[in-house]
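# model this:
(chains A, B, C, D, E and F)
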There are 6 protein chains.
Amino acid sequence: MFSVTVRDHMMIAHSFRGEVFGPAQRLHGATYIVDATFRRTALDADNIVVDIGRATDQLHAVLAELDYRNLDDESAFAGVNTSTEALARVIADRLADRVHGGHFGESARELAGVIVTLHESHVAWASYERTL
Amino acid sequence: MFSVTVRDHMMIAHSFRGEVFGPAQRLHGATYIVDATFRRTALDADNIVVDIGRATDQLHAVLAELDYRNLDDESAFAGVNTSTEALARVIADRLADRVHGGHFGESARELAGVIVTLHESHVAWASYERTL
Amino acid sequence: MFSVTVRDHMMIAHSFRGEVFGPAQRLHGATYIVDATFRRTALDADNIVVDIGRATDQLHAVLAELDYRNLDDESAFAGVNTSTEALARVIADRLADRVHGGHFGESARELAGVIVTLHESHVAWASYERTL
Amino acid sequence: MFSVTVRDHMMIAHSFRGEVFGPAQRLHGATYIVDATFRRTALDADNIVVDIGRATDQLHAVLAELDYRNLDDESAFAGVNTSTEALARVIADRLADRVHGGHFGESARELAGVIVTLHESHVAWASYERTL
Amino acid sequence: MFSVTVRDHMMIAHSFRGEVFGPAQRLHGATYIVDATFRRTALDADNIVVDIGRATDQLHAVLAELDYRNLDDESAFAGVNTSTEALARVIADRLADRVHGGHFGESARELAGVIVTLHESHVAWASYERTL
Amino acid sequence: MFSVTVRDHMMIAHSFRGEVFGPAQRLHGATYIVDATFRRTALDADNIVVDIGRATDQLHAVLAELDYRNLDDESAFAGVNTSTEALARVIADRLADRVHGGHFGESARELAGVIVTLHESHVAWASYERTL
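Residues are numbered from 1 along each chain as shown, chains lettered A, B, ... in the order given. Predicted structure coming up:
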């Protein structure tokens, strides 16, 4: 199995609901360093997993929809705790939609899966992995 | 599949028995940067894999049993080479016991697995992965 | 010259005023990985720059006053852009006050200076350096 | 499952053929930080996955065949795009040959698999994973 | 003293002349992770050292003149060993020219100095520091 | 001012004397990731600060005198707390002796200074800086 990973980041505000979150129930924020990994069983005709330029651009486009925002005000997240692991899934699913929509190019339709990892600090990170 | 990882560290002394270890047969030591990853197929009612505060505290508690010690003097490791990979298993198993014992909270009983990675330097690390 | 550095982090929300900030004028947030460096020309009687346990605790105490907060709501920052570099100074000054107040121990009164670096992402960070 | 990883690097020149590569069609170069991970279901008689000294030496030997070279001039890569993911496979396969050839020691014949990751920058990396 | 640092990278080919360089006399290449640090004694009216967006864009523009090239073919480097430390100076000087030329904005004319660090691998890097 | 830095590591056991050290008074250990920085005002005839191969070898030779040892048993450290900052000075002084002794080559006699940084974990490090 092959994989290619690209890294970008976003800076958001949000708050959590539930006693388990302690002081994180207050409005605060995070920089998420975001790694998007694309997996594939065989390389394409150019000998690559995915066009790394397109992968970088598509990840940036997905993050731009969230970046520099207060997620508490986004209708997409109404009533939802935007935990690091939940955001990893949101980003993975949006990347999957873009793969299926052809934004990564034709050969990318053969991608096997995607993994998204969000680093919230130097001591904590979360991932979501799915098939394509 | 979702995962959440927390990082901590410990500083121990030890020595190894066996020619394969060369100069590491002498009493020396290591800082282990320890990453504990908790895996789960679906998020819980709070939209998380595990309470990250509890995960941090439980990892710290497990490492506190080893930290600032000479492992050669610990009865738990009598006659055992405390290699990085062997210690990764010890820590993973102790975390698993704490998950099963309810120390991570009730919802954590649905965790699928745990991975423990010990970084012994900037150029070497080892992992152990198990189900829960 | 000797130095010792300890690392911690905080997660805050804030917004900026001024066209130069572009989309960062919206309410957003950041994880700041915070490095506090203490400098000294000669080691103390224990052969150290500073008690690293105390340094860790004091940095954590200073960050706890900011962590998990919306800085736009803090009276200390009324009318002030809480840029990364400005926050570096705030933290350095508060650490300096604690050194002068004896919170780092008597021998720490001989510290020569402090440097605070805030990493806002994997591609941007800012520092403030001052004497003590 | 256990794993042990060792890290080294190489510095090569190359160019790519195909419009997808844009400016990377020009002769340029890369530092690849190379992580080789060895996997095993049970530890050997010394309580290790693999002799980490041998693993380090063997990885270095494999990289030495590529290091400080223009890959466009290497017959092994004639007509082949030496993408990061393609090079990950080359290195993994060469490591596998050396495991099978006994260069990692007898007990290493029980290794289950190898993963090779090449970091081409702080924002992009690629992997190849195979069984042994 | 305040500072702000931004990070980018470039991927180049080159060779060195001189026995001291050993195998690096052959055509090879490098990824340079490039950190540009801007220093200033007092913050500007916006409470910043420099517009981080402009700093990022200007660093990228300077690196684009070198990126994806064989430096042996660049007239600017004819007869010159493009060592990591020498390239750090080239980039620092070009950034300084752009500060003086107003590309960083009017307030940036008060910058005190610039430091450029090029990381050529996980185990080696070089810097050049100058006043503005 | 130019600088070049090389990185290596060592793994030692030791204990501390003094209440300030708390549990670190017990025999324990550390991996130190060691960065040695060489500074110089102008580049030499080869356009470099120092032969990076020699710098790497010399740093390794200095660390080999300490690596895989219990520092409590080394006569050089009798009655001395081998704190991270104290070890940084020991290594810097030994590197300085080797520069003065010609082990870095003739041109290295023009080096202006050396800085040694020891990372004891992902959250703590110490440095010593001296002239040459």
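# would you map the helices across chain A?
A:52-64, A:84-100 (DSSP state H).
# looking at those helices, which is nearest to residue D:102?
helix A:52-64 (37.1 Å; CB to CB). Where C-beta positions appear, they are placed from N, C-alpha and C, glycine not excepted.
# before we move on, back to that, okay, the helices of chain A, which one's buried deepest?
helix A:84-100 (a mean of 20; mean count of other CB atoms under 10 Å in any protein chain shown).
# so which elements touch it?
Packed against helix A:84-100 by the contact rule (3 or more CB pairs under 8 Å, 6 or more residues apart in numbering or on different chains; DSSP states H and E) you find strand A:28-40, helix A:52-64, strand A:113-121, strand A:124-131, strand B:2-14.
# where does chain A come near chain F, residue by residue?
When proximity is defined by CB under 8 Å from any CB of the partner chain, chain A lies next to chain F at A:122, A:123.
# in the sheet, who's paired with the residue in chain A positioned nearest to chain C?
The nearest approach of chain A to chain C comes at residue A:29, 1.1 Å away (CB to the nearest CB). Using DSSP bridges, the bridge partners assigned to residue A:29 are residue A:13.
# can you get me a residue count around it?
By the criterion of other CB atoms under 10 Å in any protein chain shown, residue A:29 has 26 neighbours.
# pLDDT score for it?
We note a pLDDT of 98 for residue A:29 in this prediction.
# for the one 3 residues further on, same thing?
We have a pLDDT of 98 for residue A:32.
# contacting residues for it?
Applying CB atoms under 8 Å, 6 or more residues apart in numbering or on different chains, we find residue A:32 in contact with A:9, A:10, A:11, A:12, A:84, A:87, A:118, A:119, A:120, C:31.
# from residue A:48, how far off is it?
26 Å (CB to CB, to the nearest Å).
# ditto for residue A:123
34 Å.
# when those two are compared, which one has more neighbours?
Applying other CB under 10 Å to residue A:123 and residue A:48 shows that residue A:48 carries more neighbours, namely 25 against 22.
# got a list of what the more buried one touches?
Applying CB under 8 Å, 6+ apart, the residues near residue A:48 are A:4, D:20, D:81, D:83, D:85, D:86.
# backbone torsions only: list them for it.
Here is the backbone geometry of residue A:48 (degrees, to the nearest 10): phi -130, psi 160.
# who in chain A is up against chain B?
Looking at chain B, the residues of chain A close enough under CB under 8 Å from any CB are A:18, A:20-22, A:80-86, A:88-89, A:122-130.
# show me the contacts for the spatially most central residue of chain A.
For chain A, residue A:91 is the residue whose C-alpha lies nearest the centre (CA atoms, centre = their mean; 3.2 Å). Residues near residue A:91 by CB under 8 Å, 6+ apart: A:34, A:36, A:62, A:63, A:66, A:116, A:118, A:128.
# residue A:119 is in contact with residue A:30, correct?
No: Residue A:30 is beyond contact range of residue A:119, at 9.7 Å (criterion: CB atoms under 8 Å).
# what pLDDT does the residue in chain A that chain F sits nearest to get?
Closest residue of chain A to chain F, CB to the nearest CB: residue A:122 (6.4 Å). In this prediction, residue A:122 carries a pLDDT score of 98.
# the one 10 residues further on now?
As summarised for this prediction, residue A:132 has a pLDDT of 96.
# what about it, distance to chain E?
28 Å (CB to the nearest CB, to the nearest Å).
# compute the distance between that residue and chain B, please.
14 Å.
# where's the closest residue to that residue other than its chain neighbours relative to residue D:84, distance?
If you skip the residues right next to it in sequence, residue A:132 has residue A:111 as its closest partner in space, 4.8 Å away by CB to CB, 6 or more residues apart in numbering or on different chains. According to CB to CB, residue A:111 and residue D:84 sit 16 Å apart.
# go on, residue A:117?
18 Å.
# do residue A:105 as well
Distance from residue A:105 to residue D:84, by CB to CB: 17 Å.
# bridging residues for residue A:128?
residue A:116, residue B:2.
# neighbours around it, how many?
Neighbours of residue A:128 (other CB under 10 Å): 24.
# before we move on, what about the one 3 residues further on?
Counted with other CB under 10 Å, the burial measure for residue A:131 works out to 9 neighbours.
# one more: residue A:47?
17.
# kindly report the same for residue A:76.
Residue A:76, neighbours per other CB under 10 Å, totals 10.
# look up how far residue D:113 lies from it.
Distance from residue A:76 to residue D:113, by CB to CB: 39 Å.
# what does residue A:102 give?
In terms of CB to CB, residue A:102 sits 34 Å off from residue D:113.
# need the helices of chain A in JSON lines (columns: mean pLDDT and distance to residue E:58).
Output for the helices of chain A, formatted as JSON lines (pLDDT from 0 to 100; distance: least, CB to CB, whole Å):
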{"stretch": "helix A:52-64", "mean pLDDT": "98", "distance to residue E:58": "20"}
{"stretch": "helix A:84-100", "mean pLDDT": "98", "distance to residue E:58": "30"}
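# save those as a markdown table, and put in distance to residue C:95 too.
Output for these, formatted as a markdown table (distance: least, CB to CB, whole Å):
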| stretch | distance to residue C:95 |
| --- | --- |
| helix A:52-64 | 34 |
| helix A:84-100 | 29 |
